[in-house]
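Chemist: Got a predicted structure here, sequence first:
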Amino acid sequence: MGPLTKVALIALGGALGALGRVGVGELVASRVTRVELGTVAANLIGCFLMGAGKAAIAHLDWGSPEVRALVFSGFLGAFTTFSTFEADAVGLWQQGERALAALYLTGSVLGGVVAFGCGWLLIERLR
């Protein structure tokens, strides 16, 4: 697969993933009043799809490099980066890197909350 083909497939998958994420968010928002439940739903769906896809690759030799670029980097990358985060953590755990997996999970979650808060505070101070 050439680099332009890979970029085009990732872009197509990304567009579809972004639309899917918005669709899930709107579907959930139409049924409940808590906005973050749409995010949780997208993250859990994305994690499920990432897990199923990674297992299909490992156990069924599923998907060409083109399909993998479209689905994993493109669609799931835009649908939720949370699925990639979880796949990385599980990969570390499966490789026997238990301490690194724990550090990765803790650092990502707590670091993400802290980074979010810092970004928020920066804009609050600048306005």
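Modeler: Thanks, I have the structure now. Numbers count the residues shown, from 1 in each chain.
Chemist: tell me the domain ranges of this protein?
Modeler: Per the record's domain assignment (automatic domain parsing), the chain is made up of the domains 3-95, 97-127.
Chemist: first to last residue in the longest one, what's the distance?
Modeler: What it means is domain 3-95. When the termini of domain 3-95 are compared using CA to CA, to the nearest Å, they are 30 Å apart.
Chemist: ok now that domain, how far from the chain's centre?
Modeler: Its chain's C-alpha centre and that of domain 3-95 lie 5 Å apart, by CA atoms, centre = their mean, to the nearest Å.
Chemist: Give the rounded mean pLDDT of that domain.
Modeler: Averaged across domain 3-95, pLDDT comes to 89.
Chemist: tell me the most buried of the domains of the chain?
Modeler: The densest packing among the domains of the chain, expressed as mean neighbour count by mean count of other CB atoms under 10 Å, is seen in domain 3-95 with a mean of 16. Bear in mind the C-beta positions are built from the backbone N, C-alpha and C, glycine included.
Chemist: My guess is residue 56 contacts residue 67. True?
Modeler: No. Using CB atoms under 8 Å, residue 56 is not in contact with residue 67; the gap is 10.3 Å.
Chemist: centroid residue for this protein?
Modeler: Among the residues of the chain, the smallest C-alpha distance to the mean C-alpha position (CA atoms, centre = their mean) belongs to residue 81, namely 2.1 Å.
Chemist: Quick check: the gap between that residue and residue 88.
Modeler: 10 Å (CB to CB, to the nearest Å).
Chemist: what residue of the chain is the furthest out?
Modeler: Of all residues in the chain, residue 127 has its C-alpha farthest from the mean position, at 31.3 Å, by CA atoms, centre = their mean.
Chemist: what about it, distance to residue 68?
Modeler: Note on residue 127: its distance to residue 68, by CB to CB, is 43 Å.
Chemist: Residue 88 now?
Modeler: Residue 88 sits 16 Å away from residue 68, going by CB to CB.
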